[in-house]
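Q: Test case, fold it:
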Amino acid sequence: MKGHPPLSLLTSADLRMALTAGLSAGLMVTLGLPEPFYAPMAVGAALGGTVGATKLQGTQRMLGTLLGGVIVAIGVGTLAAALPMPMAVALSLGLTRLLGGALGLRTGYKVAGLVVAMGWTVHAGQLSSWIPERLLATLVGVLAAWWAVRWLWPSLAVDQHLQLSRQLYRQLAELLRERAALLRQGRDLEAPAKLERRNGLLASALRLQNQRQEARLELGRDPIGQRLERIWDLQEQWLSGAISHYRTLLRLPPLTAHSPSLEGLQEAESALFEALAERLELWAQHWPEGRWLASSGSGEGSSALEQARLTLEAAEQAVFADPVANAVLLSGSGGRRAITCHQLHDGWLSFEGQWKAVP
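A: The predicted structure follows:
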C-alpha cells in the first residue's frame, strides 16, 4: 500500500487566511475604526474553502451579529431595571438561542451569543455606538473574506463539484474493471477489502453531495444555473442506484460450478463491466456537458455497450439449454448477478437519455 503524503505545515488556505486577516485589520486601522481586531475575527469565521462556503458562513456571521445587537439593545433597555444582571444575561442568551434556531442559524447564533455577552458585561453604557461599529467591523471582515476567495485566491465550489464528479466516475470505472478481472479469474476479494471498496465509494459520494450545498450558492438563477441543478439531480438519482448495484455485486460469491455456457456467461458479464467502465471514463472527460451524447449515440463507446448487452443476453440463452448451468443461474447468486448486470445497463441508458435531454 502506498503511504500517505507528508502533511504540509503551511497550506495555501493558511496563507490566504493570514493575508486576508492582515488586510482587514489594516483597513480598519486606516479607516480609524475602533477595535480593529473584530474584522480579522470575522475573516476567520467567514473564510471557507470556496466562494459558496464563504457566502454561507459570512451570511451566518452577519445575521448573528445583527441578532445579538438587537437582543442586547432591547434587553439593556428593559431587563436591566427589572432583573439582576446575571439573570438578565442568562435570559438574553436563552432568547438568543431560541431565535437563532427559529431563524435557521447553524453557527450564527454563537456569534449572537458573544455579542449579547459582550454587550451586557463590557459595553452596556455605549451600545448606541458599539453595535454599529461591531456591525461595520463584521461587514469589513466578511467582504474581505469573500473578495479573497473569489478574486485574490479563487476557489469555486462549482469547480470542486465538477472535479469530484469526474473523480467519482473514474473511481467507479476502476472498481468495475476490478470486478471484471476477478470474475474472469474465478476469485473474490477478502471481506476487509470489500469493506474498503464500499466505504471508499460511499465516502466519495458523500463528499460530492456535501459539496453541492456550497456549489448551489454560487449558481445564479439564469438558465445555466438551472441546467446544472437539473443535471445534478439526475446524477444523484443515478448514483444512488449504481452504488446499490455495485454493493450487490460485492456480496455475490464467484460461481463454483463450471461448464462452457457458465464460462461464456461470466465472460459476457465481465465484458459488460468493461464496457460500462469505458463509458464512465467518457463521462469523466465530458461532464457536465451532455451534447457529446448526441454525437456518440452510435459511436464506439455506445456500440461497445450495446454489443456487451447483446452478448450477455445470448450467453443467458445458452445457459437455459444447459441443465447444470441453468440450475446455477436460477440459484440466488448466479441469477442475482445476471439481474444486477441488466439493472446497471438499464440505469446507464436511462441516465444518459435524461442527461442528453436537459436543454
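Q: and residue 314, what does it touch?
A: residue 268 (CB atoms under 8 Å, 6 or more residues apart in numbering). Quick note: C-beta positions are derived from backbone N, CA and C, even for glycine.
Q: Quick check: what element follows the host helix or strand of it along the chain?
A: Under the criterion of DSSP states H and E, residue 314 resides in helix 300-320. Once the chain leaves helix 300-320, the next helix or strand it forms, by DSSP H and E, is helix 323-329.
Q: Check which residues of the following helix or strand past that following helix are buried.
A: Sequence order places helix 332-357 as the next helix or strand after helix 323-329, per DSSP H and E. Of all the residues in helix 332-357, those buried under the rule 16 or more other CB atoms under 10 Å are 334, 337-338, 340-341, 344-345, 347-348, 351-352, 354-355.
Q: again with stretch 112-131
A: 112, 113, 114, 115, 116, 117, 119, 120, 123, 127, 130, 131.
Q: rewinding a little: among the buried residues of helix 332-357, which has the minimum pLDDT value?
A: Among the buried residues of helix 332-357, residue 334 has the lowest pLDDT, at 61.
Q: Please parse this structure into its domains.
A: As assigned by automatic domain parsing, the chain contains the domains 12-152, 157-357.
Q: Among the ones you listed, pick out the one with the most neighbours on average.
A: Of these, the one with the most neighbours on average (mean count of other CB atoms under 10 Å) is domain 12-152, at a mean of 18.
Q: So for it, mean pLDDT?
A: In this model, domain 12-152 carries a mean pLDDT of 86.
Q: From residue 38, how far out is residue 159?
A: Per CB to CB, to the nearest Å, residue 159 is found 32 Å from residue 38.
Q: that older thread, among the buried residues of helix 332-357, pick out the one closest to residue 217, please.
A: residue 355 (23.6 Å; CB to CB).
Q: Tell me the spacing between that closest one and residue 279.
A: Taken as CB to CB, the span from residue 355 to residue 279 is 12 Å.
Q: Might you report the residue contacts of residue 311?
A: So residue 311 contacts 268, 271, 272 (CB under 8 Å, 6+ apart).
Q: For it, report the pLDDT, please.
A: pLDDT for residue 311: 91.
Q: who touches residue 179 in this structure?
A: 246, 249, 270, 273.
Q: residue ranges of the helices in the stretch 151-300 of the chain, please?
A: Taking DSSP state H, counting those that start in this stretch as the test, the helices found in the stretch 151-300 of the chain are 157-185, 191-218, 223-251, 260-286, 292-295, 300-320.
Q: between those helices, which gets the lowest average pLDDT?
A: Lowest mean pLDDT of those: helix 292-295, a mean of 75.
Q: what's the farthest-apart pair in the contacts of residue 179?
A: By the measure CB to CB, 246 and 270 form the most distant pair in the contacts of residue 179, at 14.8 Å.
Q: do you know how far residue 264 is from residue 273?
A: 15 Å.
Q: ah, wrong one, I meant residue 175
A: 9 Å.
Q: for residue 205, same thing?
A: 19 Å.
Q: what does residue 118 give?
A: 61 Å.
Q: Check residue 41 too.
A: For residue 41, the distance to residue 273 - CB to CB - is 53 Å.
Q: do the same with residue 125
A: Taking CB to CB, one finds residue 125 at 73 Å from residue 273.
Q: same thing with residue 122?
A: Relative to residue 273, and taking CB to CB, residue 122 is found at 66 Å.
Q: One more: residue 76?
A: Taking CB to CB, one finds residue 76 at 69 Å from residue 273.
Q: Check residue 36 too.
A: For residue 36, the distance to residue 273 - CB to CB - is 61 Å.
Q: correct me, but residue 180 touches residue 270?
A: Yes: contact criterion CB atoms under 8 Å: residue 180 and residue 270 qualify, at 4.0 Å.
Q: before we move on, the earlier item: which stretch among the helices of the stretch 151-300 of the chain comes nearest residue 19?
A: helix 157-185 (20.9 Å).
Q: and the closest one with helix 260-286, angle?
A: Computed by axes from the mean of the first three to the mean of the last three CA atoms, to 10 degrees, the angle separating helix 157-185 from helix 260-286 equals 160 degrees.
Q: Numbering from 465 from now on, please.
A: Shifting the count to begin at 465 puts that one at helix 621-649.
Q: Give me the distance from helix 621-649 to the chain's centre.
A: Here helix 621-649 is found 16 Å from its chain centre; the criterion is CA atoms, centre = their mean, to the nearest Å.
Q: Please apply the same query to stretch 774-792.
A: That offset, for stretch 774-792, works out to 42 Å (CA atoms, centre = their mean).
Q: and if you look at stretch 802-817?
A: Worked out by CA atoms, centre = their mean, stretch 802-817 lies 24 Å from the chain centre.
Q: quick one: contacts of stretch 550-559?
A: 535, 536, 539, 543, 544, 546, 547, 577, 580, 581, 584, 585.
Q: any idea how far the fourth one lies from residue 536?
A: Put plainly, it is residue 543. 10 Å.
Q: same thing with the fifth one?
A: Taking CB to CB as the measure, residue 544 falls 10 Å from residue 536.
Q: How about residue 481?
A: 29 Å.
Q: still on that earlier bit, inside helices: which ones of the buried residues of stretch 576-595?
A: 576, 577, 578, 579, 580, 581, 583, 584, 591, 594, 595 (DSSP state H).
Q: between those residues, which is closest to residue 632?
A: Nearest to residue 632 among those: residue 576, at 38.1 Å, using CB to CB.
Q: How about the contacts made by residue 808?
A: Taking CB under 8 Å, 6+ apart as the test, what residue 808 contacts is 706, 709, 736, 740.
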